[in-house]
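>>> When you get a sec, could you give me coordinates for this:
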Amino acid sequence: MLAGNEGRVDRMAHSESQAESHPPSIDAIVRLLSAHSDLAHPLLVDCARRAVASGLQPVFDQALVEVGRAHQRLLRGVINATGVLLHTNLGRAPVDTHSDAMYTNLEFDLDTGERGSRHRSIAPLLSALVGSESAVVVNNNAGALLLAVSALAADRSVLVSRGECVEIGGGFRIPEVASLSGARLIDVGTTNRTRLEDYATAITAAAGDVAAILKIHPSNFRIEGFTSSTAVSELAGLGLPTIVDLGSGLLDETTPWLTDRHTADLSWLHGEPGARQALAAGASVVTFSGDKLLGGPQCGLIAGSREVIAQCERHPLMRALRPGRDVLLSLQETLLKYLSRTVRTEIPFWEMATAPVSGLSRRAVEIVERLGFGAVIETAAVIGAGSSPGTHLRSVGISIPGDRTGELRSGVKPIIARCSEGATVLDLRTVSPKDDPFLLSKLGALSAFQ
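Numbers count the residues shown, from 1 in each chain. Reported below is the predicted structural model:
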């Protein structure tokens, strides 16, 4: 009996050894995976191969892990509970990117039946909002700045304050972006103080080589103390084209699109320059992002004089930087909402930024009461994406004991939260009220582990 059992054990060990040295075929693994996942067949094949190559056992279990990783790499909608309204890693301003399959009059003139410009629909809308003569759109604000400098100052010099020669997201620096245009940047003034005479002196010293002045809004940092800068109106008086890079993209400092702006807390906008005001002060052209304070899709907007915009449109870089149909459709819809004054209820960023704290508190209390665990806490949300640095918005969140951020990130619709002092915090300012039921359900699934 004993010997027989020993023989059986030996045979089992030999069988397992063979299984390890001869793993199941890729086709066999893929057939099993297809019953658990709707990933496309080529992706399942890749997952199976990764599992076999890992050498981990059981192979099928490892293949399921690889399938989960493949799903996680795909773009999908998430719930932003971080309290960062314009979260760069989460796509900045939330916009609806879905539309029916259709042709459009992208570059077709319906009046003449001839070829038209893809900027024809956007230019009058943006111009009406910021008071410019014309406008054009590219794929992002770095591209907008590159195109504007290229059109106005290729092979010549551009003046910029040393305190505005900044580094933007991803390690890209203004000198590097501008240098691709072929222009030569000349720093004037000092890091903390740049006066009008600094620009005037540099213009004289360059003996006619200066083609433009570049003024950059330092939207992702703030210098305080012994500081001074030169206003756009002063720079415009020097007689050279002035390019103003606003970055964050506030259309108008008076926020006329907010009908309840006198009651909304807009203190976080203090000191944020508007495109309309910069152009009124004499800027030849302004550049800014579409997916920041505008609350639209990722793109770069250039607005200014008809002559400068025409130069930008004719420049060879325009072909490389031009946006596609879906971006223009989304941007057009966003600008129309500004013109119709429906921003407060129809552009998610502004809806979140102006939501009253009382409403956030009511939502948090209801969720916690229905959960039966957790706590309602006061939080401080931020604008994010290099906009309104150093400012906070009063907010309300839900605190759950322990770090549950990994569990919340799993599933079909991940919830992105943050961990603070041993607790998971979900800030409701960045969560749409329509997502509260899903949030409640997801959090409720954690209760069994409390």
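>>> From one end of stretch 283-297 to the other, what's the distance?
End-to-end span of stretch 283-297 (C-alpha to C-alpha, to the nearest Å): 25 Å.
>>> which parts of it are buried?
Neighbour-count burial for stretch 283-297 flags 283-297 (criterion: 16 or more other C-beta atoms under 10 Å). C-betas here are computed from N, CA, C, even on glycine.
>>> Out of those residues, which sit inside strands?
The members of the buried residues of stretch 283-297 that map onto strands under DSSP state E are Val285, Val286, Thr287, Phe288, Ser289.
>>> Not counting stretch 192-204 itself, show me its contacts.
Residues external to stretch 192-204 that are found in contact with it (C-beta atoms under 8 Å, 6 or more residues apart in numbering): 159, 161-164, 186, 188-189, 210, 213, 223, 225-230, 234-235, 238, 240.
>>> The same query, at a cut-off of 10 Å, please.
Residues from elsewhere that reach stretch 192-204 (C-beta atoms under 10 Å, 6 or more residues apart in numbering): 157, 159-164, 186-190, 209-210, 213, 215, 223-231, 234-235, 237-240.
>>> Just the buried subset of those residues, please.
Buried members of those, counted by 16+ other C-beta under 10 Å: 157, 159-161, 163-164, 186-189, 210, 213, 215, 229-230, 234-235, 238, 240.
>>> In helices only, show me those residues.
Mapping those onto helices (DSSP state H) picks out Glu234, Leu235.
>>> For the chain, just list every one of the strands.
For the chain, applying DSSP E gives strands covering 79-80, 134-138, 157-161, 184-188, 210-216, 242-247, 285-289, 300-304, 375-381, 393-401, 415-416, 418-420, 423-427.
>>> Buried ones in the longest one, by neighbour count?
Meaning strand 393-401. Under 16+ other C-beta under 10 Å, the buried positions of strand 393-401 are Leu393, Ser395, Val396, Gly397, Ile398, Ser399, Ile400.
>>> list the contacts for Ser267?
Applying C-beta under 10 Å, 6+ apart, the residues near Ser267 are Ser388, Thr391, His392, Leu393, Arg394.
>>> Tell me the one among these nearest to Gly77.
Set against Gly77, the nearest of the contacts of Ser267 by C-beta to C-beta is Leu393 (23.4 Å).
>>> distance of the closest one from Gly83?
Applying C-beta to C-beta, to the nearest Å, the value for Leu393 to Gly83 is 8 Å.
>>> which residues do those two both contact?
Common contact partners of Leu393 and Gly83 (C-beta under 10 Å, 6+ apart): Thr379, Ala380, Ala381, Val382, Asp427, Arg429.
>>> With distance to Ser117, neighbour count and pLDDT added, can I get the residues you listed in CSV?
Below are the shared contacts of Leu393 and Gly83 laid out as CSV (distance: C-beta to C-beta, whole Å; neighbours: other C-beta atoms under 10 Å; pLDDT from 0 to 100):
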residue, distance to Ser117, neighbour count, pLDDT
Thr379, 46, 22, 96
Ala380, 45, 13, 95
Ala381, 40, 25, 95
Val382, 38, 23, 94
Asp427, 43, 26, 98
Arg429, 40, 25, 97
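>>> Neighbours of the closest residue to Arg156 other than its chain neighbours, how many?
Distances taken as C-beta to C-beta, 6 or more residues apart in numbering place Ala211 nearest to Arg156, at 3.8 Å, with adjacent residues excluded. For Ala211, the neighbour count with other C-beta atoms under 10 Å is 19.
>>> cool, Ala205 as well?
Neighbours around Ala205, by other C-beta under 10 Å: 11.
>>> now it: how far from Thr242?
Using C-beta to C-beta, we find Ala205 at a distance of 19 Å from Thr242.
>>> same thing with Val158?
The gap separating Val158 from Thr242 is 10 Å, by C-beta to C-beta.
>>> Please apply the same query to Ile383.
26 Å.
>>> what's the answer for Thr112, then?
36 Å.
>>> For Gly91, give me the pLDDT.
You'll see Gly91 listed with a pLDDT of 93.
>>> tally of neighbours for it?
Gly91, neighbours per other C-beta under 10 Å, totals 17.
>>> check contacts around it.
Residues in contact with Gly91, defined by C-beta under 10 Å, 6+ apart, are Leu75, Gly77, Val78, Asn80, Thr97, Asp291, Pro297, Gln298.
>>> Which residue, other than its chain neighbours, is closest to the second one?
Here the nearest residue to Gly77 in space, its sequence neighbours aside, is Lys413; by C-beta to C-beta, 6+ apart that works out to 6.1 Å.
>>> so what's the one you found up against?
Neighbouring residues of Lys413 by C-beta under 10 Å, 6+ apart: Arg76, Gly77, Val78, Ile79, Asp435, Phe438, Leu439, Lys442.
>>> for Ala81, same thing?
Shown in contact with Ala81 (C-beta under 10 Å, 6+ apart): 397-398, 405, 408, 415-418, 424-431, 435, 439.
>>> looking at the sheet around the nearest residue to it once chain neighbours are set aside, what are its partners?
Closest residue to Ala81 apart from its sequence neighbours, by C-beta to C-beta, 6+ apart: Leu426 at 3.8 Å. Here Leu426 sits in beta bridges with Ile398, as judged by DSSP bridges.
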